[in-house]
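# Quick one: sequence plus predicted model below, questions after.
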Amino acid sequence: MNRRGFTLIELLVAMAIVAVLMTLAVVAYAPVQRNANDSIRLSTINTIGRLLLSDGCYAPNAGTGDYDIKVIYDEIVANQPKVKQYISAPPQDPKTGAGYQTNYRYIYNAAGGGHCALYANLENPQAVVTLKNISAPTAGGGNGYFATKDIGPNGTNRYYQISR
C-alpha cells in the first residue's frame with residue numbers, strides 16, 4: 001500500500017514531543033533571564049552609586065527619606081542641566097521599571113553627618129544574604145545582599161544595596 005502523508009496519531013505524537021521540548025526550554029530559560037536581570041541591576045546600582053556616593057552622600061532637597069531614583073535624577077538635572085547630556089534618562093529596573101518609577105531606590109538619612117544607601121529588589125529568591133544584620137534598606141548598613149519580610153516589586157524578598 002502506498003501512503004502519502006502522516007496519520008493523525010503521528011501528527012499528535014510529534015506535536016506532543018514539540019510541546020514537551022518547548023516546556024523544557026522555557027523552564028531552563030527562566031533562571032537564566034532572572035540572573036541576567038539581577039546582573040543588570042547590580043551593575044546599574046554600582047554605576048549610579050559612583051555618582052551619588054562619590055563625595056559623601058547626595059542630600060536631596062527634601063532631606064531625609066526614601067526616594068525613587070527618578071526623583072533624584074530630576075532634581076540633579078534641574079540643578080545641573082548639563083547632566084542630561086551624559087545621562088539622558090534615569091536607569092530603570094529591567095523587569096518592573098516604567099517612565100514614572102524606576103524601582104531603583106535611594107534612601108538618605110541626614111542624622112549623624114548624613115548616611116545613604118542605593119538599593120534594588122532582585123529576582124533571584126536564592127540570592128545569598130551577606131548583610132545578615134539588616135532586614136530593610138539601611139543608610140550606612142553596608143554593601144551586599146539582604147532579605148526583608150515583605151516581597152518586593154520583582155517578586156522576592158531579596159535586595160542588593162550599596163551604602164555610605
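Thanks, I have the structure now.
# burial count for P81?
Other residues lying near P81 total 9 when counted by other C-beta atoms under 10 Å. In this view, the C-beta of every residue, glycine as well, is placed from N, C-alpha and C.
# next one: N124
Neighbour count of N124, defined by other C-beta under 10 Å: 17.
# pLDDT score for it?
On pLDDT, N124 comes in at 93.
# what about the helices in the protein?
8-52, 69-79, 83-86 (DSSP state H).
# most tightly surrounded among those?
Scoring the helices of the chain by mean neighbour count under mean count of other C-beta atoms under 10 Å gives helix 69-79 as the most buried, with a mean of 17.
# and of the helices of the chain, who's closest to T130?
helix 8-52 (12.5 Å; C-beta to C-beta).
# report the angle between the axes of the closest one and helix 69-79?
40 degrees (axes from the mean of the first three to the mean of the last three C-alpha atoms, to 10 degrees).
# Other residues contacting stretch 78-95?
For stretch 78-95, the surrounding residues in contact (C-beta atoms under 8 Å, 6 or more residues apart in numbering) are 37, 40-41, 44, 47-48, 69-70, 72-74, 76-77, 97-99, 102-104, 120-121, 123, 153-154.
# Okay, now it: how far is its last residue from its first?
End-to-end distance for stretch 78-95, by C-alpha to C-alpha, to the nearest Å: 27 Å.
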